[in-house]
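K.L.:
After the sequence you'll find the predicted model.
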Amino acid sequence: MHAAQIANHRGFRSIGLTWLVALAVVSGWRSAARAQEGFDEDLSAASRREQFEQLAKETTLLERQSNVLKRVIKLVGPTVVHIDAEKSLYGRRSDVEEAGSGFIVKFGEKPHVITNRHVVKNAQLPDIRIRLADGRVINPTKVWSDPETDIAVMSVPDYRLACAEVADSNMVEIGDFVLALGSPFGLSHSVTFGIISAKGRRDLKLGDEVRYQDFLQTDAAINPGNSGGPLINLRGEVVGMNTAIASSSGGNEGIGFTIPINIVMVVTKQLVERGAVVRAFMGVALDSKFSPQVATSVGLLRPRGARVTRVTPGSPADQARLLAGDVVLKYDGVPVDNDMHLINMVNLTEVGRTVPLVVFREQKLVNLECKVGAAPKPATTAPAPPKQ
């Protein structure tokens, strides 16, 4: 589990709100009852029975709502796995063992286990043990990983494994109820409950390798061992993969971070199909110092979006008719916060996909479409000839 040291849908949201209202009603009733009765120990047996019957009626709604959670857990539980990985250093086994979580998805007709790269990094195939919900232990047949997103995917034998359903994480909103499933401190198949607390967290200190970040934040309890486990909505769909916590103690303090499942699926699909991730690009240079003064000068009330300073000739951006001075306000329907946000979204887009853009140009909104291409490989410098 990474520790960033302090250094879903509307139909189901209404269910949650009803639940909260019911809690408030019950709480209010109980407070009033306490005030009225003064914890009278001399209540008659008949009066106590009458109040228990009243309580049963008033908690019926809460029980109906809890049935939703029970059904979600029953459906999702078989798709969640516990992972133990014994690490190798310099080609030799070490005493370091990483415990984490994962979940099963299907690519084509074959099951695969998705987890965090840091859970299985430096572990050989025989040293990675995947424990299923029914107690069986299997080993992966192949592992692919992407260090720049901390995502790994493993092919596993097909034992008629249950596979998770996947949501559209772009539809996730702050306040949505979610459940985190995984193995905190090795306690496999634990479930915690919370909400989406924030979106677009992109400045976590997770080491130099993890470059592309766009985390969802949740207050569902996440602890060491939850890494790689799913974050689930009330429809039983995966909305993200739990990856990191912000903590001064190393344990849960109500701030956890999960990679949106859309990003996870783009990366894992490429890993399975190509064996590596090919980053997309548009071919623009962006203004990293887009200040309020510059925003005002182009007609915006505040700095928002990403301001283009240069367009590479012949690039996807050039073909889409982006111009220097344009401010990209939306990318694929998602409002752009700043230049780094746009860079992350482009790099995590599937190569060859046509993406709608909304740009601000000369006091007007302009709609464009850009077919992102594969990022060119950095040029390598030829080694100097040996001295004679």
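P.N.:
In hand now; what should we look at?
K.L.:
after the worst-scoring helix or strand of the chain on mean pLDDT, next one along is what?
P.N.:
Here the helix or strand of the chain ranked lowest by mean pLDDT, DSSP states H and E is helix 10-37, holding a mean of 45. Per DSSP states H and E, helix 10-37 leads on to helix 45-58 as the next helix or strand towards the C-terminus.
K.L.:
helices or strands up against that following helix?
P.N.:
Judged by 3 or more Cβ pairs under 8 Å, 6 or more residues apart in numbering; DSSP states H and E, helix 45-58 is in contact with helix 10-37. Every C-beta, even on glycine, is put in place using the N, C-alpha and C of the backbone.
K.L.:
again, only using 7 Å
P.N.:
The contact analysis (3 or more Cβ pairs under 7 Å, 6 or more residues apart in numbering; DSSP states H and E) places helix 45-58 against no helix or strand.
K.L.:
Let me see the mean pLDDT of it.
P.N.:
Helix 45-58 shows a mean pLDDT of 88 in the predicted model.
K.L.:
list the buried ones in that helix?
P.N.:
In terms of neighbour count (16 or more other Cβ atoms under 10 Å), helix 45-58 has no buried residues at all.
K.L.:
Give me the next element, helix or strand, following it.
P.N.:
With elements assigned by DSSP H and E, the helix or strand that comes after helix 45-58 is helix 60-76.
K.L.:
Quick one: work out the angle between that following helix and helix 45-58.
P.N.:
50 degrees (axes from the mean of the first three to the mean of the last three Cα atoms, to 10 degrees).
K.L.:
now the following helix or strand past helix 60-76, how far from the centre of its chain.
P.N.:
Using DSSP H and E, the helix or strand that follows helix 60-76 in sequence is strand 80-89. Relative to the chain's own centre, strand 80-89 is displaced by 21 Å; criterion: Cα atoms, centre = their mean, to the nearest Å.
K.L.:
And stretch 172-184, by the same measure?
P.N.:
9 Å.
K.L.:
For it, buried residues please.
P.N.:
Buried, per 16+ other Cβ under 10 Å, within stretch 172-184: 172, 176-184.
K.L.:
Pick out whichever of those residues sits closest to V278.
P.N.:
Among the buried residues of stretch 172-184, V172 lies closest to V278 (Cβ to Cβ), at 26.1 Å.
K.L.:
so that closest one touches I196, yeah?
P.N.:
Yes. Assessed by Cβ atoms under 7 Å, V172 is found in contact with I196 at 5.8 Å.
K.L.:
how near is the residue nearest in space to the middle of the chain to T218?
P.N.:
The centroid of the chain falls nearest to I259 when counting by Cα atoms, centre = their mean (2.5 Å). Look at I259 and T218: by Cβ to Cβ, to the nearest Å, they are 12 Å apart.
K.L.:
so of the buried residues of stretch 172-184, which ones are in strands?
P.N.:
Taking DSSP state E as the definition of strands, those contribute 177-182.
K.L.:
Could you dump those residues into CSV with pLDDT added?
P.N.:
Written out in CSV, the entries for those read as follows (pLDDT from 0 to 100):
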residue, pLDDT
F177, 94
V178, 95
L179, 95
A180, 94
L181, 94
G182, 91
